Each structure stands twice: as C-alpha cells, then as structure tokens.
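J.: Sequence isn't available, so here's the structure alone:
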C-alpha cells in the first residue's frame, strides 16, 4: 500500500471516520458553548438553539479537517502556562511604560517568522498565543509557507527584531513540547540545538 493510499485510508477508513465524527462533535460542543456565552445565560432554550445553530454552521460551512497527532504533556503544559502568564505581565508593563512615557514615540515593525512545525494546528495555536501578548499582533498567516507575519511594537534596532523572532520560536517550542507529537518535539529540539551550535 502506497503512502497516498494509506493517507486516503486514514481519512476514509473506519478509524478515520470515527476521528472525523469525534472532531465534529468537539466543534459542535465548542460552538454551543460560544453561543451560550454570547447570550450570557445557560438555559435549555439556549442549549437547544445553540445546538441547532452549531449544526447548521457545521453542515453549511464545514471546517477543514485538523488532525491532532500529538499528546498532552501535563508538566510541559504547566511550564507553557506559567511562562505565558509571565510574558503577559512583562509585556503589559512594557506597553504601559510606553503609553505613559512623555514624548516617546515607539517604532513598530512587521516581521516574518517561519515556523518549524508548519501544521495548521500549530500555526493557529502559535498565532493565537502571540496575539494575546500585548505589543504583538499577528497580521497574516501563510499556511503554504508556514510563515506568521507579526507586528511588533517598540523596535529600536536589528537586535530587537532577532529577539522577537526568538520569542516566537520559544512560544512555538513550548507549545509543541506541551501538545505536539514525538516527531514534532524532535523537530523543534533539533532546530534549537542547530541554532545553538
């Protein structure tokens, strides 16, 4: 059986169909949750209405299949969350300092950062995390090239651009360590070792 046949069998075979249905049910659950959050009240009417709207959305606007081949590593996930909380605090303090500093005009820049694990899930998660940190905003994601374009606030020189790229790679590395497959973890670790040598 060729690699293409195995890929088709993985999506159309019994296990692939079960995985697709599981993904659809998870998406349905999230959409129902968002519907109830938007209404601000959890009631039977909102649950049923949310289920109907979510079902219609998934039927008429099907989501592309996003496979999760990794596994959750609790210790690495805790490290990711703690580091993310620390980055939120320091970035918020930096943006606050820029906002109140008299006469200071920050310079911004848009940088392109090529991700080492260019899967749809990794690109989406990394882009979301980067956008949540004050002072950075994702402008565009190029799925085909695996590149995220980010607007960075307060760039004083080339070293700041290099630091911003390294911060994005560090976010990706921590995400992959927490949620990636063994092959993805090896990929980001190998890239880190090569950069360090």
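T.: Cool, the structure landed. Here the structure is a predicted model, which is why all the values come from computation and not from measurement.
J.: Can you tell me the closest non-neighbouring residue to the residue nearest the centre of the chain?
T.: The structure's the chain has its C-alpha centroid closest to residue 125; by C-alpha atoms, centre = their mean the separation is 0.7 Å. Nearest residue to residue 125 in three dimensions, chain neighbours excluded: residue 175, at 5.4 Å (C-beta to C-beta, 6 or more residues apart in numbering). In this view, the C-beta of every residue, glycine as well, is placed from N, C-alpha and C.
J.: how about the strands in this structure?
T.: For the chain, applying DSSP state E gives strands covering 109-114, 136-142, 147-152.
J.: any idea which of those strands is most buried?
T.: strand 147-152 (a mean of 19; mean count of other C-beta atoms under 10 Å).
J.: any idea of the mean pLDDT in that one?
T.: The average pLDDT within strand 147-152 is 96.
J.: likewise stretch 186-197?
T.: On average, stretch 186-197 scores 69.
J.: Show the end-to-end separation of stretch 51-71, please.
T.: 28 Å (C-alpha to C-alpha, to the nearest Å).
J.: And the contacts of it?
T.: By C-beta atoms under 8 Å, 6 or more residues apart in numbering, the surrounding residues in contact with stretch 51-71 are 11, 19-20, 23-24, 27-28, 31-32, 35, 120-121, 124, 176, 179-181, 184.
J.: Quick check: buried residues in stretch 174-187?
T.: 174-180, 184-185, 187 (16 or more other C-beta atoms under 10 Å).
J.: Start and end of that stretch, how far apart?
T.: First residue to last in stretch 174-187 (C-alpha to C-alpha) measures 12 Å.
J.: and residue 180, what does it touch?
T.: 70, 117, 122, 188.
J.: Report how many residues lie close to the first one.
T.: Neighbouring residues of residue 70 were enumerated by other C-beta atoms under 10 Å; the total is 21.
J.: And it, how far from residue 191?
T.: Distance, residue 70 to residue 191, using C-beta to C-beta, to the nearest Å: 17 Å.
J.: could you dump the buried residues of stretch 174-187 to JSON lines with distance to residue 144?
T.: Converted to JSON lines, those look like this (distance: C-beta to C-beta, whole Å):
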{"residue": "174", "distance to residue 144": "25"}
{"residue": "175", "distance to residue 144": "21"}
{"residue": "176", "distance to residue 144": "20"}
{"residue": "177", "distance to residue 144": "25"}
{"residue": "178", "distance to residue 144": "26"}
{"residue": "179", "distance to residue 144": "23"}
{"residue": "180", "distance to residue 144": "21"}
{"residue": "184", "distance to residue 144": "19"}
{"residue": "185", "distance to residue 144": "24"}
{"residue": "187", "distance to residue 144": "18"}
